[in-house]
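Asker: sequence plus the predicted model coming up.
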Amino acid sequence: GAGVSQSPSNKVTEKGKDVELRCDPISGHTALYWYRQRLGQGLEFLIYFQGNSAPDKSGLPSDRFSAERTGESVSTLTIQRTQQEDSAVYLCASSRPTPGLSETQYFGPGTRLLVL
Amino acid sequence: AQSVTQLDSQVPVFEEAPVELRCNYSSSVSVYLFWYVQYPNQGLQLLLKYLSGSTLVKGINGFEAEFNKSQTSFHLRKPSVHISDTAEYFCAVTGAGNQFYFGTGTSLTVIP
């Protein structure tokens, strides 16, 4: 089937505005990850969802960042009161994990966020 | 805690020459190791992964990597590169938990 999709592909916003980024994982993938990739840097883990378990939010950089996922489907990452340092590519990945074993992640194309 | 270090941020190499992209990790637990590739204007794709078993892992497009526990390394190699191998390469590590830790990436440029 289709891979991981993300929308929008690009987003330009003004400092102080809220933005919402969307991720559609591969059907049947119970695990979903959000990462941030700043220019010239590696991937920075933000949050992890696994089925109906409580999400691992340990990577969220501030309380302006939040994410939700309904069941094993779509996830939205919300950034409130955006700052210029939030400018980055936001990547979503999904996987079909086996408990105790790390499975391959499949990445979406990312949302490129620019905060002016 | 786990972390990944990719020692070379940029690696230029001539076409048909061999290449090695270095990756070192630190971890206090057993690890699983991955190499991902990001072609220009595309998303990340898995090249190869080490979970257990043979320490030499073969991936797509002729790449291979060797897990060296004593040196805490997982270097990526290809005996003969092609122009189409020009991309950003990321090494990643994870343990028994859920978090993946990625390196800062190595930009491979193949020169014709």
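Answerer: All right, it came through fine.

Asker: quick check: bridge partners of the residue most central in space within chain A?
Answerer: In chain A, the C-alpha nearest the mean C-alpha coordinate belongs to A:W34, at 2.8 Å (C-alpha atoms, centre = their mean). On the basis of DSSP bridges, A:W34 is bridged to A:I47, A:C92.

Asker: need the contact list for it.
Answerer: A:W34 makes contacts with A:23, A:46-48, A:67, A:75, A:77, A:90-92, as judged by C-beta atoms under 8 Å, 6 or more residues apart in numbering or on different chains. (Each C-beta comes from the backbone N, C-alpha and C, glycine too.)

Asker: who in chain B is up against chain A?
Answerer: B:4, B:6, B:32, B:34, B:36, B:42-46, B:49, B:51, B:90, B:92, B:94-96, B:98-105 (C-beta under 8 Å from any C-beta of the partner chain).

Asker: returning to that earlier point: tabulate the contacts of A:W34 (CSV), appending distance to B:T109.
Answerer: Below are these laid out as CSV (distance: C-beta to C-beta, whole Å):
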residue, distance to B:T109
A:C23, 31
A:L46, 30
A:I47, 33
A:Y48, 33
A:A67, 35
A:S75, 35
A:L77, 32
A:Y90, 26
A:L91, 23
A:C92, 28
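
Asker: from those, which two are the most distant?
Answerer: Maximum pairwise distance among those (C-beta to C-beta): 14.4 Å, between A:Y48 and A:Y90.

Asker: tell me which residues touch residue 39, please.
Answerer: Using chain A here. A:A88.

Asker: you looked at the wrong chain, it should be chain B
Answerer: B:45, B:86-87.

Asker: for ChimeraX, what selects the buried ones among those?
Answerer: Typed into ChimeraX, the next command selects the buried ones out of the contacts of B:Y39 (criterion: 16 or more other C-beta atoms under 10 Å in any protein chain shown):
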select /B:45,86,87
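
Asker: of the residues of chain B next to chain A, buried ones?
Answerer: For these, buried by 16+ other C-beta under 10 Å: B:4, B:6, B:32, B:34, B:36, B:43-46, B:49, B:90, B:92, B:94-95, B:98-105.
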